[in-house]
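Participant: Need a 3D model of the following:
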Amino acid sequence: MPSASIVGLAVFLGSFLLFAVQPMMGRLLLPSFGGSAAVWTVCLAAYQLLLLAGYGYAHALARWDLRRQRRLHGALLALAVAWMAVLLAARTRIMPHVGGSAAPIAEVLGCVALGVGLPYVLLASGSSLLQAWLARGGADRRVYGLYAVSNFGSFLGLLSYPLLVEPFVPLKAQWWAWCGGLLVYAGLVGSVGRVRNAECGMRNAECGMRNGECGGRSEANDGQDAGAVSALRAPHAALPGDFPAVLSRPWLWFALPACSSYLLVAFTNHLSLDVEPVPLMWVLLLGAFLLSYTVGFSGWAQKALPLWMCLAAAALGFQAWHGLRPVRGAGFLAEMAGGAAAIFLLGLFLHSWLYRIRPETGRLTLFYLGIAAGGAAGGALASLLAPVLFRQVLEYPIALALAAGLVGWFAWRLNHRELKGLNEAILAVALCLPLVLGYRLAGGGRDVIARARNFYGTLRVTRVAPPPAADGPVWPMHRLMNGETLHGLQIRHPQLWRLGTAYYGPLGGGLAVLAHPAYSNRPLRVACIGLGAGTMSVYGRTNDFYRFFEINPQVVAVAGNTNFFTYLADCRARLSISTGDARKRLEAEATGGEAVYDVLIVDAYSGDAIPIHLATLEAFRLYLRRLAPDGILAVHVSNWHMDLLPLCKAAGRALGLACTGVQSDAVPQRLTTAARWVLMTREPLALPALPRGAARQIDWAQVRDMRAPTDERGSLLQLVRFGGRPPLAEQEVRPEDLDAMFR
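Facilitator: The predicted structure follows:
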């Protein structure tokens, strides 16, 4: 029989590598797809499909004799190491050609499959394959405990990336180290096969030693051996304890992991609306998911299933109550703690139930194949199908309803005497609250007049109207929301349509144009990274040139629709909209020798995922190349969960730029929100006097120092606000504020 310690080490290392590569691949692909948060969820779906392929491969390979299994698996591992080495050597030549496709979801799936598909499938098969080898050597059903070892290795591999690897290790070194780990893993798997021919050992144990050693064995011993083999092959229904057969059906091997996987992706999509989807968010949620598998498959957890059922019902109730609250922006830690706790508690219930109904080891690979198939199906439904079917994140209430159905069904069927009465209460709570939440989210509010959703985010246009006046018409206001972040608003009054609103008032984004030293002398060339509703175009004058860079085609469609916003239609300047990733477009302009800009506005940090490739030192160096000598680089750093001032300070110091920070206060009667902008110039900028009590300059001595991240090294984790409500929380514009404008 293979050494259990070597098998355990191989399982742990394989799982560590399996999940360490996930954030690495996301970090590699994010710049090519505009930093969209959907890169992670699409990658997650790809990983689950590859995991299914790996478990299918293990299930098919387990039917062969051990010698053929070891030879084929070893040859494929050697091929995978060679494939990764070739790809890493050619990485710098391959990556410039990635991204920009009209079908980004398909391209991300293809990149994952071609990049890490083969090694991922082999690593995914490792846990079940090595457990099967151990079981064929005579081990009992305790080999399932290695699944907990596998998930613990996955958890550590995932958590180590944002905390220990990404901030300190260059991306190139990360990949070569991972390739080296794959080589070590291949050696461990090879040593497992060489320890002992497990299949022959099992065959000798079943058939008896032909050399006569077992001739003296008594009939009693033979009877005991036969009983042991019979117990080993007993069906799952023969597990000890009083557990209803209806809750032990083999179809649950698929349904339970499908539900937990769907929950993971749905919760991730939901939290991405309000919590900055930095890699740490993805890692914490997926880590909670893996930890629920680790604890659920630890053996003792199955005995506490009624307790996990109660905690799962409580988690459902809390999520439904929290979703009905109108208050948002509770802070990164609070939002993440609630989401991670819900995923862990619901997953713990589902995975402990799954471990409770595990089969005999003869069906081990089929059991894991069912888990992988369920995980792939649930992940694909939430990450690939939901964005096509729904114009908002409806997969979240659907996920709660699915989990509630399983909790309620379990409570109804378990019928424990000590839970009599509590079962009915759990059933009522589990079914009613998610339905209430689903009704609210499906309705979406009466003020929504348009919705859109694609790979790059979820958009909605809302209409807010002041109380009707007896002596005049009602002038409504339209707002553009990307997720839960305001991206522009406009009052529909004919004399106020050209008002600089939201973050783009005269003391906000407009200050970058108005403060330019040549503003009163000549036309300006202005570029804006991020279109929003097109508000910045109100500052365009005749003979000015304005160019907006926007990666999301649905934002372009909404901003250009005069039924929603008229900023672009009313713009007096010559207007150009460049679709695609801003950094690639700016690099193409620099290569083509296009004229530089007087003002370059970077408005890509205010919400949703911050594209790290637009926040590195190389990106700031490119911005500087595209600016005239007296140009102004204006960076919008208002953000719910991240303090971006240290980033601007670090980039300015590295490039020798003077930084002028302005923090303006909200003036609801002028439709402006609190905003924070940083103006970066080659020479110190002389700002006009700021109105007292309305805006103030930022004291850079109070801003902490940091090292600017680069394309190869560093992360934005150190910028996350882990506390409560940020100092620049967006202020809602109320209907009575609109009414006050016309009095």
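Participant: what are the ranges of the helices in the stretch 401-550 of the chain?
Facilitator: Secondary structure of the stretch 401-550 of the chain (DSSP state H, counting those that start in this stretch): helices at 422-443, 510-514.
Participant: oh, I was asking about the stretch 201-350 of the chain
Facilitator: Going by DSSP H, counting those that start in this stretch, the stretch 201-350 of the chain shows helices at 219-232, 252-271, 279-296, 305-324, 332-356.
Participant: Export these as CSV, with columns for distance to residue 517.
Facilitator: No exception for glycine: its C-beta is placed from N, CA and C like everyone else's. Shown next, in CSV, are those (distance: least, C-beta to C-beta, whole Å):
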stretch, distance to residue 517
helix 219-232, 84
helix 252-271, 44
helix 279-296, 40
helix 305-324, 50
helix 332-356, 39
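Participant: Enumerate every residue touching the closest residue to residue 247 other than its chain neighbours.
Facilitator: Spatially, and ignoring its direct neighbours in sequence, residue 247 is nearest to residue 413 (5.5 Å; C-beta to C-beta, 6 or more residues apart in numbering). By C-beta atoms under 8 Å, 6 or more residues apart in numbering, the contact set of residue 413 is 244, 246, 247.
Participant: Could you check how far the last one is from residue 347?
Facilitator: Spatial separation of residue 247 from residue 347 under the definition C-beta to C-beta, to the nearest Å is 17 Å.
Participant: which of those two has more neighbours?
Facilitator: residue 347 (30 against 15; other C-beta atoms under 10 Å).
Participant: Quick one: residues contacting that one.
Facilitator: Residue 347 makes contact with 260, 263, 264, 288, 289, 292, 293, 296 under the criterion C-beta under 8 Å, 6+ apart.
Participant: Identify, from these, the entry nearest to residue 574.
Facilitator: Proximity of the contacts of residue 347 to residue 574, judged by C-beta to C-beta, is greatest for residue 264, which lies at 47.7 Å.
Participant: what's the neighbour count on the closest one?
Facilitator: Using other C-beta under 10 Å, residue 264 has 29 neighbouring residues.
Participant: Identify the residues contacting it.
Facilitator: 44, 285, 286, 289, 343, 347, 378, 379, 382.
Participant: for this protein, which spans come out with low pLDDT?
Facilitator: By pLDDT under 70, the weakly predicted segments of the chain are 1-4, 137-142, 193-243, 272-280, 322-333, 415-446, 466-473, 607-609, 722-743.
Participant: The lengthiest helix in it: how far from the chain's middle?
Facilitator: In the chain, assigned by DSSP state H, the helix with the most residues is helix 104-136. The chain centre lies 20 Å from the centre of helix 104-136; the measure is C-alpha atoms, centre = their mean, to the nearest Å.
Participant: Against which helices or strands is that helix packed?
Facilitator: helix 4-29, helix 38-61, helix 66-89, helix 145-160, helix 171-195, helix 198-207, helix 364-380 (3 or more C-beta pairs under 8 Å, 6 or more residues apart in numbering; DSSP states H and E).
Participant: For those helices, give me a markdown table that also has mean neighbour count and distance to residue 103.
Facilitator: Shown next, in a markdown table, are these (neighbours: other C-beta atoms under 10 Å; distance: least, C-beta to C-beta, whole Å):
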| stretch | mean neighbour count | distance to residue 103 |
| --- | --- | --- |
| helix 4-29 | 22 | 15 |
| helix 38-61 | 24 | 11 |
| helix 66-89 | 16 | 22 |
| helix 145-160 | 22 | 28 |
| helix 171-195 | 18 | 26 |
| helix 198-207 | 15 | 46 |
| helix 364-380 | 24 | 16 |
